[in-house]
Every structure is written in C-alpha cells, then in structure tokens.
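Novice: Quick one, structure for this:
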Amino acid sequence: MRSSEVYAGEPGAVAAARRQIAVFFDRIGGEDGAVAAPPHLLMEAQLVVSELVTNAVKHTTGPCGLDLELLSDAVEITVWDTSSAPVAVMGHDPARVGRHGLEIVVALSSGFEVTHTAAGKRITVRLPL
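Specialist: Numbers count the residues shown, from 1 in each chain. Next comes the predicted model:
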C-alpha cells in the first residue's frame, strides 16, 4: 500500500501531512488481513512526519511531498523538498536548546537515509511494525 501527497511550502503542510499519515494508518487497519501496528506507532509516525515536513517548510522555498509505503515489516516515510542543502543530524546534547528534530527522527526509526536529487533531496525513514 502506498500514499503520496504534494504540499505547498507553507505551515499548513505540517497539519496536512499529519492527517495523511493518520488516514494511511486507518487504511492499514481496515484492509483484509490487516497489519497489526503497535498502538504507539501512529503517534511516532506523526511526530516523524511533523519534524521532517517542518524542516522542509522552514528551510526551503518550494513545494515538498510525503510518500508513505507499507512494507512487510515497516512503514516507510519519505519527505522530499527542493533544497540541496545538506542535512545535519546533530548528536545528543541535553544542554542544546532546539534543533533536536532530526535527533528524534533518528531515535524513532530503524533506518535514516538522505538522497540528493537533481530537484533537491529525499529523506527516507523506516518505522518498524
């Protein structure tokens, strides 16, 4: 199962992306032979999507998109944007104020990959089922 949406680079994109992941999880649970996702997974997926789409909106001027895919053992989340700027995942630092978003994303996911494209970049994470 897959789902994809494109958003204008505006703050409303974050709420729309959170709704998209909720609908995706509803579809997962409603299919015949439904995949049993742990109850906390939707909240974690919404947090991951919020962090990634917030960064896309905050650090780019163009559109961004969210691609979701159900794999046999995980939900794959990909957020793309039009910026070619490198992604900086900062190390754990409880004294740092702010800039913990990607740290949270990495902590929740079983995989984190950045792919640079001609149009910008794609960040893909996997949340295990």
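
Novice: Residue 19 and residue 94: what is the separation?
Specialist: Distance from residue 19 to residue 94, counting by Cβ to Cβ, to the nearest Å: 32 Å. Any C-beta I mention is one placed from the backbone N, CA and C, and that applies to glycine too.

Novice: Who has more neighbours out of those two?
Specialist: Neighbours were counted for residue 19 and for residue 94 using other Cβ atoms under 10 Å; residue 19 has more, 13 against 5.

Novice: give me the low-pLDDT residue ranges for this protein?
Specialist: The chain contains residues with pLDDT under 70 at 30-36, 99.

Novice: Tell me which stretches of it form strands.
Specialist: For the chain, the strands defined by DSSP state E occupy 2-7, 64-70, 74-81, 111-117, 120-128.

Novice: Relative to residue 87, which of these is closest?
Specialist: Of all those, strand 111-117 sits nearest to residue 87, with 4.9 Å by Cβ to Cβ.

Novice: just how off-centre is that closest one within its chain?
Specialist: Distance, stretch centre to chain centre, for strand 111-117: 12 Å (Cα atoms, centre = their mean, to the nearest Å).

Novice: Can you tell me the strand partners of it and which way each runs?
Specialist: strand 120-128 (antiparallel) (DSSP bridges).

Novice: And the strand it pairs with, what's buried?
Specialist: For strand 120-128, the neighbour count (16 or more other Cβ atoms under 10 Å) marks 120, 121, 122, 123, 124, 125, 126, 127 as buried.

Novice: how far away is the residue nearest to residue 1 when sequence neighbours are not counted from residue 76?
Specialist: Leaving aside its chain neighbours, residue 1 sits nearest to residue 70 (4.3 Å; criterion: Cβ to Cβ, 6 or more residues apart in numbering). Distance, residue 70 to residue 76, using Cβ to Cβ: 8 Å.

Novice: likewise residue 109?
Specialist: Taken as Cβ to Cβ, the span from residue 109 to residue 76 is 10 Å.

Novice: quick one: terminal-to-terminal distance for stretch 25-43?
Specialist: 10 Å (Cα to Cα, to the nearest Å).
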